[in-house]
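# Turn this into a model:
(2 chains)
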Amino acid sequence: MALLQIAEPGESTAPHQHRLAVGIDLGTTNSLVATVRNGIAVCLQDASGRSMLPSVVRYRADGQVDVGAVAQAAQAKDPRNTIVSVKRFMGRGLKDVAHVETMPYDFLVQDGMVRLRTVQGVKSPVEVSAEILKLLRQRAEESLGGALTGAVITVPAYFDDAQRQATKDAATLAGLNVLRLLNEPTAAAIAYGLDNGSEGIYAIYDLGGGTFDISILKLSRGVFEVLATSGDVALGGDDFDHRLFCWMLDKALIAPPSAEDARRLAMRAREAKESLTVNEEASVVADLASGERVSLVISRDEFVTMTQPLVQKTLGPVRKCLRDAGLGPEDVKGVVMVGGATRMPHVQRAVADFFGQEPLTNLDPDKVVALGAAIQANVLAGNRTADDDWLLLDVIPLSLGLETMGGLVEKVISRNSTIPIARAQDFTTFKDGQTAMAIHVVQGERELVSDCRSLARFELRGIPPMVAGAARIRVSFQVDADGLLSVAARELGSGIEASVVVKPSYGLTDEEVATMLREGYEHAGEDMQARALREQQVEARRALEATQQALTKDGGLLSAIEREAIDQAMAMLANLVETASPAEIKGGIETLGRATDEFAARRMDQSIRAALAGRKVDEIKV
Amino acid sequence: MAVTISEKAAKHVSNYLAKRGKGVGIRLGVRTSGCSGMAYKLEFVDEVDDSDLVFESYGVKVLVDPKSLPYLEGTELDFVREGLNEGFKFNNPNVKDQCGCGESFNV
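Here you go, the predicted structure:
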């Protein structure tokens, strides 16, 4: 018989009506699944009582797939077919992944995306992640006694569209109905905000296995608003392990180790790190394949010294995030620690020093994200009544815009806008009789298209021929609750339309995502100059083209001397366009303007005469 | 006759109430819905109604409204674990038959 859970007063569901919904934290190192039971969010455990599922998948030669601790145990003996930290490969190209050289995998690239060649064939990161999700789904269905209505899956705030889509694809492949993707820090805020009910500005400091995220959130009367987010997609607990790993190689004077030895040593490094959280000293003992034994002792002080730069590296994004939110450290009422790496005492100390207060650590930093996701899944599945309905606002991490003439970016949705959001902007044609327009969707903070990330391109065709500037093309951007973008362009006169849903666009370099924001600030002045130059260049080319057309059509209105003056002004401007400063080009445009004043006046007269010829005065509307 | 709660169930209820931070006890009831006629109701209680019957076992208050009592007379609420699944179970002597899932029943 079905086992019952206690409902909130007046909220008992009819039989078979209770919707089973879970929150899933698909982590780099560990994954968790949680649900709301008896009114409380809890992480679901496996048969041995463990909540955390190591995010490790092993493809075995016999066709079986191991996931979790079993797979992890086989790491050292079968490194090539045992995939760890697959999240780092989601929606990425090979050159975007840090430390590839130390990884024992047989990488290949398909359509610009990372693939892994295993004993069971070529696997995509999406397929590997789906194995993890499948196991969590099974655990949830066994624990809850039924099929799941849906799941909320968390992603780092920094994940771009390609990475979010890859995560959704993995969930679909695992047979999960994704209610929503939720930013990890936001999920942590839900877990803390609802449990503690305190209002104010909070900073969520999330140092996970592979990513660092910092978010500034505002909590008031049960409403969450994300004021700003920032972070580093390639910084996490794994990097602390890696420092320790390098230290071990150095200390033990080991030549570059085999894949198997490297895996073994990396595991010892992680254990030593975890031990140093509670102990002042840790010993590292590893037997290498050669029979050689590595035996080292490391003190917490040594570990702190070698990893302090990593801790400091997290504070840059923290400062930037506060700046984005227009706040200082003193405005922050509380700091929430998320991610297993925040257990390290020197991380907590650095955060405490920065904000001038002790961070909150009363919920398990490994579980908060999953718990928050479970709470939201419960709401989205419809298991909560409307009176305690609350709103969740999420933000866009990087601005979204379009390429305009001259390779400039026109931002349509600016970064840190809350989602879901829809914005439209009108554009027009550049040339007479232009019947098509290329729409190039870009992401980033810089002014030039070449410095931003290209997301999609499409064309709007069949624009009725009109003079330049007469067509009205409305381009609308829509970002749904999962942060996925669709762009549509419509010519308002004829109603013709074209659109694109941004599909994963891989081949993005890590530096691009991680430093886009920083560059946006660093190059602000330079970008302004570049924009001014491009704008003048576009204007100059437009003026040259218009003059040339006029000369072709009505050149006969000019005397040879007049014609020569105009030709000279045009030649000078054409020359300036390529090389001169914005001010000089502007001067050239003005010179050409003066040189053609008289010509323009004569053309005007001529066209008025033509319009009036043969008509009676009363036929002419004034 | 009365409605009772097992020691194990009481422990879990106390635990949930403590974590929830409010509530005086739990309410057991029946509603006329479900695939076999009646359905159980199991909820936290924040406010006691004047007409409620209050039973207490192992320090947990169990409230039953007078209309539900005839269907629940002699029932014991137990907490059981079945594999990974765990939850509350009504051991109700009045039940003649129930639907396969046990969420609804007939008396």
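# In the chain, which residue is most central in space?
No chain was given, so I picked chain A. Computing the C-alpha centroid of chain A and ranking residues by C-alpha atoms, centre = their mean puts residue A:160 first, at 2.5 Å.
# hm, I was asking about chain B
Per C-alpha atoms, centre = their mean, the C-alpha nearest to the average position across chain B is that of residue B:28, at 3.7 Å.
# got a list of what that residue touches?
Counting by C-beta atoms under 8 Å, 6 or more residues apart in numbering or on different chains, residue B:28 makes contact with B:3, B:40-42, B:62-64, B:68, B:72, B:75, B:77, B:90. Using the backbone N, CA and C atoms, a C-beta is placed for each residue, glycine as well.
# Strand partners (parallel or antiparallel) of the helix or strand it falls within?
Residue B:28 belongs to strand B:25-31 when assigned by DSSP states H and E. Within its sheet, strand B:25-31 is paired with strand B:38-45 (antiparallel), strand B:60-64 (parallel), according to DSSP bridges.
# Output the ones you listed in CSV, with mean neighbour count and mean pLDDT appended to each entry.
Formatted as CSV, the strands paired with strand B:25-31 follow (neighbours: other C-beta atoms under 10 Å in any protein chain shown; pLDDT from 0 to 100):
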stretch, mean neighbour count, mean pLDDT
strand B:38-45, 21, 84
strand B:60-64, 21, 91
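# Tabulate those strands in JSON lines, adding columns for distance to residue A:362.
Shown next, in JSON lines, are the strands paired with strand B:25-31 (distance: least, C-beta to C-beta, whole Å):
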{"stretch": "strand B:38-45", "distance to residue A:362": "23"}
{"stretch": "strand B:60-64", "distance to residue A:362": "27"}
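# In terms of pLDDT, where does the residue nearest to the centre of chain B sit?
According to the prediction, residue B:28 has pLDDT 90.
# separation between it and residue B:64?
5 Å (C-beta to C-beta, to the nearest Å).
# could you pull out the helices for the chain?
All of this refers to chain A. In chain A, helices defined by DSSP state H lie at A:69-73, A:125-144, A:161-173, A:184-196, A:237-252, A:259-278, A:300-325, A:345-355, A:368-380, A:510-522, A:524-554, A:560-579, A:582-612, listed in chain order.
# Switch to chain B, please.
B:7-20, B:69-72.
# my read: residue A:603 touches residue A:550, true?
Yes - the criterion here is C-beta atoms under 8 Å, and residue A:603 meets it with residue A:550 at 6.4 Å.
# returning to that earlier point: out of the helices of chain B, which comes closest to chain A?
helix B:7-20 (4.6 Å; C-beta to the nearest C-beta).
# what about that closest one, average pLDDT?
What helix B:7-20 shows for mean pLDDT is 89.
# Give the buried residues for that helix.
Across helix B:7-20, burial judged by 16 or more other C-beta atoms under 10 Å in any protein chain shown covers B:9-10, B:12-13, B:16-17.
# Stretch A:367-387 too?
Buried-residue list, stretch A:367-387, by 16+ other C-beta under 10 Å: A:367-381, A:383-384.
# Please apply the same query to stretch A:532-546.
For stretch A:532-546, by 16+ other C-beta under 10 Å, it's A:532-544, A:546.
# Tell me which two of those sit farthest apart.
Spanning the widest gap among the buried residues of stretch A:532-546 are A:532 and A:546, at 21.4 Å by C-beta to C-beta.
# Now do residue A:361: how many residues are near it, please.
15 (other C-beta atoms under 10 Å in any protein chain shown).
# List the contacts of it.
Taking C-beta under 8 Å, 6+ apart, one finds A:337, A:342, A:348 in contact with residue A:361.
# Out of the residues you listed, flag the one nearest to chain B.
For these, the nearest to chain B is residue A:337 (21.1 Å; C-beta to the nearest C-beta).
# pLDDT value on that closest one, please?
94.
# isn't it right up against residue A:362?
No - look at residue A:337 against residue A:362 with C-beta under 8 Å: they stay out of range, at 9.6 Å.
# between the two, which one's more packed in?
Neighbours were counted for residue A:337 and for residue A:362 using other C-beta under 10 Å; residue A:337 has more, 24 against 11.
# The more buried one pairs with what?
Beta bridges link residue A:337 to residue A:205, judged by DSSP bridges.
# Who are the contact partners of it?
Applying C-beta under 8 Å, 6+ apart, the residues near residue A:337 are A:205, A:348, A:351, A:359-361, A:365.
# need those in TSV with distance to residue A:451, can you?
Shown next, in TSV, are the contacts of residue A:337 (distance: C-beta to C-beta, whole Å):
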residue	distance to residue A:451
A:205	29
A:348	37
A:351	32
A:359	36
A:360	38
A:361	40
A:365	36
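# Top of these by number of neighbours, please.
residue A:205 (32 neighbours).
# correct me, but that residue touches residue A:214?
Yes - taking C-beta under 8 Å as the definition, residue A:205 is a contact partner of residue A:214 at 5.8 Å.
# count of residues packed around residue B:83?
Around residue B:83 there are 9 residues (other C-beta under 10 Å).
# give the contact list for it.
By C-beta under 8 Å, 6+ apart, the contact list for residue B:83 reads A:47, A:142.
# if I look at residue A:205 and residue A:214, which residues touch both of them?
With C-beta under 8 Å, 6+ apart, residue A:205 and residue A:214 have common neighbours A:314, A:318.
# just for the stretch 201-350 of chain A, where's the confidence low?
A:220-224 (pLDDT under 70).
# now swap in the stretch 51-200 of chain A and tell me
For the stretch 51-200 of chain A, the ranges with pLDDT under 70 are A:193-198.
# Kindly recompute the last result at 50.
A:194-195 (pLDDT under 50).
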